[in-house]
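In: Let me see the structure of the following:
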Amino acid sequence: MSRTSIFLSVTLLLGSAVLASALEPVSGPVGPPATTDPSYRLSPGDTVSISVFGESDLSASQTIARSGEVRLALIGEIILAGKNVREAEHAIEGTYRDRQFLRTPVVTLTVTSYFPREISVLGAVRTPGTVVFPRDVTSLDIVEVITRVGGFLPISKSDAVTITHRSADGKETVTTVDLENTITGRRQAGRERADLSIYPGDRIWVPERLF
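Out: Sure, this is the predicted structure:
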């Protein structure tokens, strides 16, 4: 074999080795997957990824239904809305265990998409519109909400503000509150301060005062 042939053969072998090494997967530490605050309280419309350690067939990615549940393999529907992430994981683990599908399940739940959590404030306020909830907040005080939309107008009837709340089962309740007394520090007779908490999806209406 001539020197030229030998040189070409060696060059081809080296090129093949370099190409093979380039195609091999690079090993090394893999960063942990994104996690969700375990205290975050799940809401309808949130999309969640659920995995069971060692049971890849049971993994699921679903959007929590308006009625609050998701449907999982083997166990069917389970209510997750209203639970925080850790409570939801324990509820799923307990269901698999109680129904004897798995002996010691380890469930990990991650929120992959958050449903926009907001309330609407309409009527006689300075900047009517929506107020978006911070991700780690489950309720807001109504006085804080009114402050976020710029406060009342001189024509606002602040002693007859209505709050419309929709529960998880779709039922709506309408409550009228006297914010004038609340802001000045006077408590309404028979009404606890906690009644003035506002939740995602609520609607607030501030009427105008009739002169």
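In: Is A88 part of a helix or strand, or is it coil?
Out: Classification of A88 using DSSP: H, G, I helix; E, B strand; the rest coil returns helix.
In: and the closest residue to it other than its chain neighbours, what does it touch?
Out: Counting by CB to CB, 6 or more residues apart in numbering, A88 lies nearest to L80, which is 4.7 Å off, once chain neighbours are set aside. Using the backbone N, CA and C atoms, a C-beta is placed for each residue, glycine as well. Counting by CB atoms under 8 Å, 6 or more residues apart in numbering, L80 touches 42, 48, 64, 68-70, 88, 91.
In: Check the gap between L80 and V177 for me.
Out: 31 Å (CB to CB, to the nearest Å).
In: where along this structure do the helices fall?
Out: Along the chain, the stretches classed as helices by DSSP state H are 3-23, 85-98, 142-148, 179-184.
In: which residues are in contact with the longest strand belonging to the chain?
Out: Using DSSP state E to define each element, the chain has its longest strand at strand 55-63. Contact with strand 55-63 is made by 45-52, 70-74, 102, 105, 112-113, as judged by CB under 8 Å, 6+ apart.
In: Format the CA atom coordinates belonging to that strand as CSV.
Out: Taking C-alpha atoms only, strand 55-63 is exported to CSV below (Å, rounded to 0.1, in the frame of the first residue of the first chain):
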residue,chain,number,x,y,z
GLU,A,55,-44.8,4.2,37.1
SER,A,56,-44.4,6.1,33.8
ASP,A,57,-47.7,4.8,32.4
LEU,A,58,-49.5,6.8,35.1
SER,A,59,-48.1,10.1,34.2
ALA,A,60,-50.6,12.7,33.0
SER,A,61,-50.8,16.4,32.0
GLN,A,62,-54.3,17.8,32.4
THR,A,63,-56.1,21.1,32.9
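In: Just checking: what are the partner strands of that strand?
Out: The strands that strand 55-63 pairs with in its sheet are strand 47-52 (antiparallel) (by DSSP bridges).
In: For the strand it pairs with, which outside residues touch it?
Out: Outside strand 47-52, the residues touching it (CB under 8 Å, 6+ apart) are 42, 58-64, 70, 72, 80, 88, 92, 96, 102, 105-113, 115.
In: Mean confidence (pLDDT) on it, please.
Out: For strand 47-52, mean pLDDT rounds to 96.
In: now that strand against helix 85-98, angle please.
Out: 40 degrees (axes from the mean of the first three to the mean of the last three CA atoms, to 10 degrees).
In: List the buried residues in strand 47-52.
Out: Residues of strand 47-52 classed as buried by neighbour count (16 or more other CB atoms under 10 Å): 48-52.
In: so which pair among those is furthest apart in space?
Out: Across the buried residues of strand 47-52, the longest distance by CB to CB is 13.3 Å; it joins V48 and V52.
In: which among the contacts of L80 end up buried?
Out: Members of these classed as buried by 16+ other CB under 10 Å are 42, 48, 64, 68-70, 88.
In: quick check, nearest of these to T127?
Out: L42 (30.3 Å).
In: low-scoring stretches of the protein, by residue?
Out: Under the criterion pLDDT under 70, the flagged ranges of the chain are 1-35, 136, 168-170, 184-195.
In: If we use 50, what do you get?
Out: 2-33, 193-194 (pLDDT under 50).
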